[in-house]
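K.L.:
make a model of this:
(chains A and B)
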Amino acid sequence: MLATNQSAQTSSANKRSNPILNFLNSKKVVPYIFVSPFIISFIVLTLYPAIRGIMMSFQSVLPGQVEFIGLANYERVFNPTFYKALMNTSIYVVLTVVILTILPIIFAVILDSKLVKLKTLFRASLFMPTLASTIVAGMIFRLMFGETESGAANQIISLFGLDPVNWRYHAWSGMFLMVLLCVWRWLGVNILYFLAALQNVPNELYEAADIDGATIFQKFRYVTLPFLKPVTIFVVTISIINGFRMFEESFVFWEAGSPNNIGLTVVGYIYQQGIQQNDMGFGAAIGVILMIIIFIISFIQLILTGAFKRGDQ
Amino acid sequence: MNKRGTSNTLKWITNIGMAIVCLIALFPVIMLLISSFRPSTELMRTGISLNFDWSMLNLDNYTYIFTQSAEYWTWYTNSLVISAITVVLSLFFSSMVGYALAVYDFKGKHLFFTFVVFILMVPFEILMLPLFQMMISFQLVNSYLGVIVPMIVAPIAVFFFRQYALGLPVQLMDAARIDGATEYGIFFKIMLPLMAPSLGAMAILQGLGSWNNFLWPLIVLRSNDMFTLPIGLATLLTPYGNNYDVLIAGSVMTIVPIIILFIFFQRYFVAGLTTGGVKG
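P.N.:
Next up, the predicted model:
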């Protein structure tokens, strides 16, 4: 290593004597030049806005007039509308995490088994919805779950003798629409994650389990599940963070405002207050609280899943 | 004999079950396609409905957006330009960073990598108000640059490229150095081509993300002629809107570039998802 290093340096020194070029091409400097786009963008686009966001949360930000107002924004944040947004978001997170973990595991195990023919076709059709944007997907759902009796959803439930529903105007059906849209779009992706993990389970383990006379359920519980643990943690983490970031699903169903805020999310509240009402200090305060919530949850999750224990991964 | 019988029934049940699940998953897409051939006035009245008057299906919505709706194609161009620039720049810069993190030993390397992982966990949404303020001070509001700049270095892409570059043959670097190649020459001429599969996977993911991106463009872009497709379509979704022809045929046309992107890079896609792991 040392020898090649030296020979590389001598050969380049022979070729060029320009000290600046040599400096820029030395193995000490090159890595920093390569990572400089990241350093610059981290400072300008993450660190600086993060600090500025925290400062803004203590300010009243009006065009051409910024004033330090202490904790006033935070005192205002804890109001019924914010609690409503936080409640909606939390319910949404719990539902999407549970559904988008359990269903993909079941489907991945089925698709991985020898029972199923046409695997590629099934996988492709389950993956297809991911390609549509939330806006396009939401528009389809909005037109399918229309208020009138002629909307596809109301026609289908009428087959079961149910009355037509005003889907976008009830709290429960509004939540149902948001969760359904998310599950529909992401199911296929999560199935792919679990399918990839299933490829890593050695076949011998199943054969050994067969010899021991294990049932299908026992094989799933003691052979398959342990191998799925890392990807499950990954999927849960990503679903939680994406759940708290949710905005588009709500926006596409109700634009600016839903009746009684049944579709208001925390990010939606940031958008409403910070951009629409132009109250950026207040919006920034909501952002800081959201950040703290996400950090606490990530931290708890890391402890629960044993990521701090040594030897795991 | 009996055992084979039960397992055959099980096969039939699972296969039919999966087929039904897939049909449910595809149902909305199929409905979108069929509805795009329905008269827009009927669509506006009934929404996406199961009872079609099949004789009324026609190409009017498509004829309309192709001949009458200049606005739609402005959005389309905006989306194409923004996505193309975002993908090219983010692949270029992120691959450089990921590569350096994988193949070089340097002070602060682990700290940098920790930061990359950390930013992955910070949702963009909490930075968007201060970023928007910065865009105002730099006068980048309502410009392509304002949408693109925050997306140039994608931490998820950096992470993914690092994972991929860890498997590159480092011996090639020493050989090239002996031949007098510069470090930059090694990266651009030898290593970057070797990273092609990861570039393909990231091209799809970043392209998809940028093409479908909504919240940030919604904040930065202010005028109708600057809107990207998702925002433009969302403006048509109001209760007062009567542009259902543009809305529905336009939605179908939105998926075309994604299909093309997929055909080009699909080989790398599953590998990309499982190694990198991205949503949205």
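K.L.:
grab the longest helix from chain A for me.
P.N.:
Of all segments of type helix in chain A, defined using DSSP state H, the longest is helix A:80-112.
K.L.:
from chain B, how far off is the residue nearest to the spatial centre of chain A?
P.N.:
The centre of chain A sits closest to A:N242, judged by C-alpha atoms, centre = their mean, with a distance of 2.5 Å. Distance, A:N242 to chain B, using C-beta to the nearest C-beta, to the nearest Å: 5 Å. The C-beta positions use only the backbone N, C-alpha and C, and glycine is treated the same way.
K.L.:
thinking again about what came up before, what comes up buried for the longest helix of chain A?
P.N.:
Under the neighbour-count criterion of 16 or more other C-beta atoms under 10 Å in any protein chain shown, helix A:80-112 has A:82, A:84-86, A:88-90, A:92-93, A:95-97, A:99-101, A:104-105, A:107-112 buried.
K.L.:
which strand or helix spans A:I286?
P.N.:
For A:I286, the host element (DSSP states H and E) is helix A:280-304.
K.L.:
now that helix and helix A:80-112, what's the angle there?
P.N.:
Interaxial angle of helix A:280-304 relative to helix A:80-112 (axes from the mean of the first three to the mean of the last three C-alpha atoms, to 10 degrees): 40 degrees.
K.L.:
residue boundaries of the strands in the stretch 101-250 of chain A?
P.N.:
Counting by DSSP state E, counting those that start in this stretch, no segments of the stretch 101-250 of chain A form strands.
K.L.:
check contacts around the residue in it that chain B sits nearest to.
P.N.:
Relative to chain B, the nearest point of the stretch 101-250 of chain A is A:G146 (3.1 Å; C-beta to the nearest C-beta). A:G146 is in contact with A:A152, A:A153, A:N154, A:W167, B:T46, B:G47, B:I48, B:S49, counting by C-beta atoms under 8 Å, 6 or more residues apart in numbering or on different chains.
K.L.:
just those now: which is nearest B:L233?
P.N.:
Nearest to B:L233 among those: B:I48, at 15.4 Å, using C-beta to C-beta.
K.L.:
which residue is the nearest non-sequential neighbour of that closest one?
P.N.:
A:L143 (4.1 Å; C-beta to C-beta, 6 or more residues apart in numbering or on different chains).
K.L.:
that older thread, which ones among the buried residues of helix A:80-112 also lie next to chain B?
P.N.:
By C-beta under 8 Å from any C-beta of the partner chain, the members of the buried residues of helix A:80-112 lying near chain B are A:F107, A:I110, A:L111.
K.L.:
helix or strand with the lowest mean pLDDT in chain B?
P.N.:
Least confident element among the helices and strands of chain B, by mean pLDDT, DSSP states H and E: helix B:244-276 (a mean of 81).
K.L.:
so which bits of that helix are buried?
P.N.:
In terms of neighbour count (16+ other C-beta under 10 Å), helix B:244-276 has its buried residues at B:244-255, B:257-258, B:261, B:265, B:268-269, B:272-274, B:276.
K.L.:
tell me the helix or strand right after whatever helix or strand B:E42 lives in.
P.N.:
Using DSSP H and E, B:E42 falls within helix B:40-46. Heading C-terminal from helix B:40-46, the first helix or strand you meet, by DSSP H and E, is helix B:60-67.
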